[in-house]
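Student: Okay, predicted coordinates and the sequence, questions at the end:
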Amino acid sequence: MTEQAVFRVVIRSILFTVLLGALLLFAWTVRSVLVLLLVATILATGLGPGVDTLAGADPRTGRTRVPRAAAVLFLYLLLIGFIALFALGVTPPLYHQAEEFVRNIPVYSEIARQMLRDLGQVNPALAGLEDRLAGGIGGALSEFATISSQATSVLRFALGLASGLLDLLLLLVLTLYLIVDGPQIARWLVSLLPEGNRSLASEVLAGASQRISSWLLGQAALSGIIGLTTFVGLTILGVPYALLLAVVAAIGELIPMVGPIFAAIPAVVIALFISPVLALLTVGLYILIQQLENNLVVPMVMRRAINLPPVVIMVSLLMGSEVLGIVGAILSLPVAAAISVLVESLVTLRNRAAADGGAGSSTSPPRAGDAVGAVGGD
């Protein structure tokens, strides 16, 4: 290679590095917009099948009997009506329980200190444990009270549609446009690829869309089932703030693996303030709910929605939470599921091509539809 050629390679490498760095910096600067776009894309993908059903879309021609925009607006009205009915029935007692819990934080602090004093009297080796832990417990409960108070205010603010209204409106409008123009956008993106890769890209987009849609609908069903089951169980046991704790359990269900564990801690702590027996029963209730979920509900509701190994799920959660916190942990799974469709399709395509080449077959190369069809049959 001549000196001039080496110089050109170096210059191109430097320009590419600078351009890539500038692109990453720009993406980080507008990360909030990108997250909003990602959420809208996931929502549009999840609502897409429902819109296609309402619009009467023909999968072969793509034609619809009803305009997609009208179908989306009708679906929005149904969702808004459901949320309004749910809010009218659940919001008043939920806010009352949250406010009562925050008000009783000092009472729970005194109960905890009394439990430590009794423990020191029963076991002399633990005498003085109250003095050593009182400061830490008091500070932790005080901090928790502050956070809970802030969370209550945020909840009331959000339910009053006074907080995040602009972001919510932008999300709904962006989701509307993505649903209406989604097929055209997908075809345009596929058209940018070389002709030989377009078939594979179309199949991967269809497979990723199906998985994300299944995940979104399945996750909503799981959260509802877990929240309702937790509410019924805690009410039967007589644990205070059953509705509040059920909402926490439903939200915790959105974060796989670790979310249900953290959601169970407040219920067990509150039950422990009443009696150790009730705390043990509460632990047993959450374990029973998780066992029923893992062995009965998840196979029935989710089935092939994600289809990822546990190690991939954990790594995805860690990476998502590191970048965007809880929001990143929630969004990491549908993103990982979409990427897995691409990886599985490419691996299947490569294996089929290798098998045909090893057999000395003179047939045509494998089609992308065969590859993705094999993936969908997993």
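Tutor: Thanks, I have the structure now. Residues are numbered from 1 along each chain as shown.
Student: Name the spans of the stretch 1-150 of the chain whose pLDDT lies under the cut-off.
Tutor: The stretch 1-150 of the chain contains residues with pLDDT under 70 at 1, 57-64, 86-87, 89-91, 94, 116-117, 119-150.
Student: how does it look with 90?
Tutor: Within the stretch 1-150 of the chain, the stretches with pLDDT under 90 are 1-16, 18, 20-21, 23-150.
Student: can you give me the helices for it?
Tutor: Secondary structure of the stretch 1-150 of the chain, counting by DSSP state H, counting those that start in this stretch: helices at 3-29, 31-55, 68-103, 105-122, 129-159.
Student: any idea of the angle the third one forms with helix 31-55?
Tutor: Here the directions of helix 68-103 and helix 31-55 differ by 120 degrees (axes from the mean of the first three to the mean of the last three C-alpha atoms, to 10 degrees).
Student: Not counting sequence-adjacent ones, nearest residue to the most centrally placed residue in the chain?
Tutor: Centroid-nearest residue in the chain, with C-alpha atoms, centre = their mean: Ile330, separated by 2.8 Å. In space, and not counting its chain neighbours, Ile330 is closest to Leu254: 5.3 Å by C-beta to C-beta, 6 or more residues apart in numbering. For every residue, glycine as well, the C-beta is placed using N, CA and C.
Student: Double-check the one you found against Ala220; I have them as touching.
Tutor: No: in this structure, Leu254 is not within contact of Ala220 by C-beta atoms under 8 Å, at 9.3 Å.
Student: helices or strands next to whichever strand or helix holds Gly328 in the packing?
Tutor: According to DSSP states H and E, Gly328 maps onto helix 310-358. In terms of contacts (3 or more C-beta pairs under 8 Å, 6 or more residues apart in numbering; DSSP states H and E), helix 310-358 is packed against helix 31-55, helix 195-237, helix 368-376.
Student: try it again with 10 Å
Tutor: Applying 3 or more C-beta pairs under 10 Å, 6 or more residues apart in numbering; DSSP states H and E, we find helix 310-358 packed against helix 31-55, helix 195-237, helix 259-274, helix 368-376.
Student: Helix 31-55 and that one, what's the angle between them?
Tutor: 70 degrees.
Student: can you tell me which of the helices and strands packed on helix 310-358 comes nearest to Thr175?
Tutor: Comparison of the helices and strands packed on helix 310-358 against Thr175 by C-beta to C-beta identifies helix 31-55 as nearest, at 4.5 Å.
Student: Output the contacting helices and strands for that closest one.
Tutor: Where contact means 3+ C-beta pairs under 10 Å, 6+ apart, helix 31-55 is packed against helix 3-29, helix 68-103, helix 165-191, helix 195-237, helix 310-358.
Student: and stretch 36-54, C-alpha only, in CSV?
Tutor: Extracted C-alpha coordinates of stretch 36-54, given in CSV (Å, rounded to 0.1, in the frame of the first residue of the first chain):
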residue,chain,number,x,y,z
LEU,A,36,-40.3,9.1,24.0
LEU,A,37,-40.0,7.8,20.5
LEU,A,38,-39.1,4.3,21.7
VAL,A,39,-42.1,4.2,24.0
ALA,A,40,-44.3,5.4,21.2
THR,A,41,-42.9,2.7,18.9
ILE,A,42,-43.6,0.0,21.5
LEU,A,43,-47.1,1.2,22.1
ALA,A,44,-47.8,1.5,18.4
THR,A,45,-46.5,-2.0,17.8
GLY,A,46,-48.6,-3.3,20.7
LEU,A,47,-51.7,-1.6,19.5
GLY,A,48,-51.2,-2.4,15.9
PRO,A,49,-53.0,-5.7,15.8
GLY,A,50,-56.1,-4.2,17.5
VAL,A,51,-56.1,-1.3,15.0
ASP,A,52,-55.8,-3.8,12.1
THR,A,53,-58.8,-5.7,13.5
LEU,A,54,-60.9,-2.6,13.9
